[in-house]
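1. here is a sequence together with a model predicted from it:
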Amino acid sequence: MVTPKWMISQEQISPLSVAAKERGGRRSFLEKTLMEVTSVLQEAVFSEAYASAPGLLQGLDPRVKFGLLLLFLVVASLVRSIPVLVSIYLFTLLLAQLSRIGLGFFIKRVWFFIPIFAGIIVLPAIFNVITPGEVWVPLFHLPRAYSWGPYHIPEVVGISRQGVMGAVVFVSRVAASVSLVVLVTLSTRWDHLLKALRVVRIPQVFVLTLGMTYRYIHLLARLVQDMYWGKKSRTLRFSRVRTEQGWIASRMATLFRKSFQLSQQVHGAMRSRGFDGEARALETFQVKARDYLAIVICLVLGGFLIWVDPYL
């Protein structure tokens, strides 16, 4: 019996990718989607591995880490200087390195969402139609300026200096804030993070919903993969499009029924074990000397950044 390549390889190779290579690289839309789902699950496994690594942030109390996260989020929202925001971002990179989190993995995880969401939001603001100011890059000229009540279109429409600076500040603030959140989530085990949320009085229903959603995403993704591979292992040739669409519709209904049944079973199992809605962990939190030292350092650093911001 030959051992599959994806079991003996040192790289993170999915059976889907191996199968696609054996067919000459041709992959269906469903296979591409399942490969992306597999990569997401692998990243979740890596996140748990980072949370268990012997790093700087991993040794801090989760409640302290969550409190310091809120502190620096407030600092990032108050400051407006680009050097200060860039300093906060570089500080997160330093913490990631000291916490033994791969910088490549950390940077990709942060900057994957920023260009998509922050870029789309801030793109219109760079034009002088939205943000009046000095025109850096003129785009086109109108016969004259137009005004309709509070709205004004200048004669020269282009990219303004004030709009670009505002966009840079916005993207820098989003990058610093997202980096802080990702850093805390990667360096904290999921059950500890949920318990820390309850310690700081986050509503119980929010914490419970967040915890169940996190677990169900992985479970439902595995169910979809199992159903697809079960069908593929029994398929000798491609069926008609209408037949495939009917199978997908039936599997959607099956997945909904299984998830509903599973939710009932999980709820019954939790109630039979005395679950009262609280997110609990076996470990008890204890604030140590290094936690107090981290609090003092972060308070001083946060205060210094707010103080120096108007001068930069």
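-> Thanks, I have the structure now.

2. can you give the domain ranges for the protein?
-> Annotated domains of the chain cover 27-141+160-189+284-312, 202-280 [automatic domain parsing].

3. state the mean pLDDT of the longest one.
-> When pLDDT is averaged over domain 27-141+160-189+284-312, the result is 86.

4. return the distance of that domain from the chain's centre.
-> With C-alpha atoms, centre = their mean, to the nearest Å as the basis, domain 27-141+160-189+284-312 stands 10 Å off its chain's centre.

5. how about stretch 184-198?
-> 14 Å.

6. re earlier: of the domains of the chain, flag the one that's most buried.
-> Neighbour counts (mean count of other C-beta atoms under 10 Å) averaged over each of the domains of the chain peak at domain 27-141+160-189+284-312, with a mean of 16. For every residue, glycine as well, the C-beta is placed using N, CA and C.

7. after the host helix or strand of S177 comes which helix or strand?
-> Following DSSP states H and E, one finds S177 within helix 161-186. Proceeding N to C from helix 161-186, the next assigned helix or strand is helix 190-199, under DSSP H and E.

8. what residues does that next one touch?
-> If you take C-beta atoms under 8 Å, 6 or more residues apart in numbering as the criterion, helix 190-199 is touched by 48, 51, 62-63, 65-66, 184-185, 188, 204, 206-207, 210-211, 214, 278-281, 283, 285.

9. next, the distance between the ends of stretch 143-154.
-> End-to-end distance for stretch 143-154, by C-alpha to C-alpha, to the nearest Å: 10 Å.

10. and the angle from the helix or strand containing L70 to helix 161-186?
-> Here L70, judged by DSSP H and E, is contained in helix 62-78. On the basis of axes from the mean of the first three to the mean of the last three C-alpha atoms, to 10 degrees, helix 62-78 is oriented at 180 degrees to helix 161-186.

11. list the helices and strands the next helix or strand after helix 62-78 packs on?
-> On the C-terminal side of helix 62-78, the closest following helix or strand by DSSP H and E is helix 82-98. Under the contact definition 3 or more C-beta pairs under 8 Å, 6 or more residues apart in numbering; DSSP states H and E, helix 82-98 sits against helix 62-78, helix 103-111, helix 161-186, helix 289-308.
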